[in-house]
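Peer 1: Quick check, what structure comes out for this input:
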Amino acid sequence: MFPGTHAATTPDRPAIIMAGSGAVTTYGELDNRSATVASALYDMGVRRGDVIALVSDNAAAAFEIYWAALRSGLYITAVNWHLSAEEAAYIVNDSGAQALFASAGVGDLAAELVALTPSVRHRYAFGGPIDGHDDYAELLDGDYPGLPAQPRGSEMLYSSGTTGRPKGIKPRLLDIQVVEPGDPLTGMLAHAFGITATDIYLSPAPIYHTAPLKWCGGVLALGGTVVLMERFDAAEALAAIQKYRVTVTQMVPTMFIRMLHLPDEVRGAFDVSSLRLAVHAAAPCPPDVKDAMIDWWGPVLVEYYGATEQHGTTVITTSEWQQKRGSVGRAVLGVLHICDEDGVELPVGEIGTVYFERDVVPFEYHNDPDKTADSRHPQHANWSTVGDVGYVDEDGYLFLTDRKAFMIISGGVNIYPQEIENLLALHPRIADVAVIGLPHPEMGEQVKAVVQLRDGVTGSDELAGEIIDYVRQRIAHYKTPRSVDFTDQLPRTATGKLAKRILINSYLEVSK
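Peer 2: The predicted structure is shown next:
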């Protein structure tokens, strides 16, 4: 359950391959370099429970630092490099990071952070020089005392901030050695998804995000090979699957949609028959999109629902989903409960807040006891929620309706934007869509669709009317958008999540 285990038996086996350049990091190299960084951190006085920060694009060296933290009993905080310097500095400062490692690929941001994060004691740059940072290569060349055995460290990642300011999610440190089994996600990869040392895993998303970082870490713990894309491109992802004979990948629905938008002759030019498993998560997948991917790739799609908080997880296979269309599956980690506003558990089929019951809630929000308290059930201390809303059917399958924060209440009736967004996802003229609720003097809120059109399509009053009619013909009239706006680009995070709070705030600012 650790790269060093595999380095001892197959040191020359590829641990990480950069999809674009083909550069390889072997298990022997990954183990040796992470051990050196771990020893260097200990020599600097960084101790169990301390935090180091990682500001990096998709680079293999990031996993040397990742495993150095885990084998040192440290927390590692990966920072979204798309943020402004002030936003990134908030995360570094809030985390209490003692050391910061930065990639030259995002060197401008890292250089700006120097003045904004004065509590950071040590800074290192890899892949090239960065002002204010020492050379990572020289760190690797140093001679340090051996690292005493440490209990396993963990990630301390920050939420994407789509519903407000990012929250630091601090897991409990496990009282296990890094070489021992016990990490819940690695166990889930092995048992729920069947990942083994024979798998070749394509990771197309930014590694500052929870799922790409932890899945790559889990694949490496199990001895597989990670093919890391420098950045996502629909055609290049298909080329990587063919070139490296990828067996497993994980994508978000936005990536599926971009691949489906490729011309038929482009999609048909690539051999994807090596795939045995295509996992998707992080954002709701419109059913029509999922149908199209199943028609193309076959019954290899597996969806899971979870969160950075690791409070619980559900999983659903292709065959299950075809019987339970729209579900995100049954619980494989934690026990599901659906509760009303007062915490009373609701019967089958009724919509409420989604809670997971665990023996012990595995997280808290760093420096935010109020948010931690809000995530707990009012009567059951070991039940927690991230604010999602849904229902469970008679067979225990979870159906999500939306985030509670984005539910629209119009005329006293609850409207879930996801249902409307799913309906419009594959509209022939729409590239992307967000449905939001805006204040209305009579109805409380009114439904608005904000649409990004496909290339070559021009917005007009006539097209807005067509889109409204398209929705009205397919779902209840009260859910139909009352207006449609067109935009050049919707605010999505690099991992595909719709930053709906940014969109809503832009309208509220205009209305002031």
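
Peer 1: can you give me the helices in the stretch 101-250 of the chain?
Peer 2: In the stretch 101-250 of the chain, the helices defined using DSSP state H, counting those that start in this stretch lie at 107-116, 136-140, 184-191, 210-221, 234-244.

Peer 1: Could you name the helices and strands sitting against the third one?
Peer 2: Identification of packing neighbours for helix 184-191 by 3 or more CB pairs under 8 Å, 6 or more residues apart in numbering; DSSP states H and E yields helix 210-221, strand 330-333. C-beta coordinates here come from the backbone N, C-alpha and C atoms, glycine included.

Peer 1: related to what we said a few turns ago, figure out which of the helices of the stretch 101-250 of the chain is closest to residue 418.
Peer 2: Residue 418 lies closest, by CB to CB, to one member of the helices of the stretch 101-250 of the chain: helix 210-221, at 19.2 Å.

Peer 1: could you check the angle helix 184-191 makes with that closest one?
Peer 2: Interaxial angle, helix 210-221 versus helix 184-191 (axes from the mean of the first three to the mean of the last three CA atoms, to 10 degrees): 60 degrees.

Peer 1: lowest-confidence stretch among the helices of the stretch 101-250 of the chain?
Peer 2: Looking over these, mean pLDDT reaches its minimum on helix 184-191, with a mean of 90.

Peer 1: returning to that earlier point: would you turn the helices and strands packed on helix 184-191 into TSV with distance to residue 90 and mean neighbour count?
Peer 2: Converted to TSV, these look like this (distance: least, CB to CB, whole Å; neighbours: other CB atoms under 10 Å):
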stretch	distance to residue 90	mean neighbour count
helix 210-221	18	24
strand 330-333	30	18
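
Peer 1: Now tabulate these in JSON lines and tack on distance to residue 238.
Peer 2: Formatted as JSON lines, those follow (distance: least, CB to CB, whole Å):
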{"stretch": "helix 210-221", "distance to residue 238": "18"}
{"stretch": "strand 330-333", "distance to residue 238": "29"}
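
Peer 1: Give the next helix or strand downstream of the host helix or strand of residue 37.
Peer 2: Using DSSP states H and E, residue 37 sits in helix 27-43. Downstream of helix 27-43, the next assigned helix or strand under DSSP H and E is strand 51-55.

Peer 1: Okay, angle between that following strand and helix 210-221 too, please.
Peer 2: 110 degrees.

Peer 1: Quick check: the gap between the residue nearest to residue 110 when sequence neighbours are not counted and residue 55.
Peer 2: Leaving aside its chain neighbours, residue 110 sits nearest to residue 102 (3.5 Å; criterion: CB to CB, 6 or more residues apart in numbering). Distance from residue 102 to residue 55, counting by CB to CB, to the nearest Å: 4 Å.

Peer 1: Give the residues shared as contacts by the two.
Peer 2: Here residue 102 and residue 55 share the contacting residues 109, 110, 113, scored by CB atoms under 8 Å, 6 or more residues apart in numbering.

Peer 1: Mind jotting down where the helices sit in the stretch 301-450 of the chain?
Peer 2: 318-323, 369-374, 417-424.

Peer 1: Please identify the most buried of the ones you listed.
Peer 2: Neighbour counts (mean count of other CB atoms under 10 Å) averaged over each of the helices of the stretch 301-450 of the chain peak at helix 417-424, with a mean of 21.

Peer 1: same for that helix, what does it pack against?
Peer 2: With contacts defined as 3+ CB pairs under 8 Å, 6+ apart, helix 417-424 has these neighbours: strand 398-403, strand 430-440, strand 444-453, helix 461-472.

Peer 1: Make TSV from the ones you listed and add mean neighbour count and mean pLDDT to it.
Peer 2: Below are the helices and strands packed on helix 417-424 laid out as TSV (neighbours: other CB atoms under 10 Å; pLDDT from 0 to 100):
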stretch	mean neighbour count	mean pLDDT
strand 398-403	20	83
strand 430-440	19	93
strand 444-453	20	93
helix 461-472	15	96
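
Peer 1: Need these in TSV (columns: distance to residue 284).
Peer 2: Output for the helices and strands packed on helix 417-424, formatted as TSV (distance: least, CB to CB, whole Å):
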stretch	distance to residue 284
strand 398-403	7
strand 430-440	12
strand 444-453	16
helix 461-472	17
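
Peer 1: Ok, which of those comes nearest residue 261?
Peer 2: So among those, strand 430-440 is nearest, using CB to CB, at 7.5 Å.

Peer 1: what are the pairing partners of the closest one, and which direction each?
Peer 2: Strand pairing for strand 430-440, using DSSP bridges, gives strand 444-453 (antiparallel).

Peer 1: Find me the pLDDT at the closest residue in space to residue 152 that isn't next to it in sequence, would you?
Peer 2: Of all residues not flanking residue 152 in the chain, residue 178 sits nearest, at 4.6 Å (CB to CB, 6+ apart). If you check residue 178, the pLDDT there is 80.

Peer 1: what do you get for residue 341?
Peer 2: On pLDDT, residue 341 comes in at 89.

Peer 1: so what's it up against?
Peer 2: Residue 341 neighbours (CB under 8 Å, 6+ apart): residue 353.

Peer 1: before we move on, what about residue 130?
Peer 2: 102, 104, 107, 110, 111.

Peer 1: Next: residue 260.
Peer 2: Shown in contact with residue 260 (CB under 8 Å, 6+ apart): 267, 289, 292, 293, 296, 426.

Peer 1: And the fourth one, how close does it get to residue 219?
Peer 2: In this structure, residue 293 and residue 219 are 22 Å apart, going by CB to CB.

Peer 1: now the fifth one
Peer 2: Distance from residue 296 to residue 219, counting by CB to CB: 24 Å.

Peer 1: coming back round to it: highest average neighbour count across the helices of the stretch 101-250 of the chain?
Peer 2: helix 210-221 (a mean of 24).

Peer 1: Direction-wise, compare that one with helix 27-43 and give the angle.
Peer 2: With the same axes, to 10 degrees applied, the angle from helix 210-221 to helix 27-43 works out at 110 degrees.

Peer 1: about what we covered before: nearest to residue 358, of the helices of the stretch 301-450 of the chain?
Peer 2: Closest among these, using CB to CB: helix 369-374, at 14.7 Å.

Peer 1: What is the burial count for residue 367?
Peer 2: Using other CB atoms under 10 Å, residue 367 has 13 neighbouring residues.

Peer 1: picking that back up, residue 360 is nearest to which of the helices of the stretch 301-450 of the chain?
Peer 2: helix 369-374 (13.6 Å).

Peer 1: Pull the residues that contact the closest one.
Peer 2: 167, 364, 365.

Peer 1: quick one: low-confidence ranges for the protein?
Peer 2: 1, 160-165, 402, 404-405, 412, 494-495, 511-512 (pLDDT under 70).
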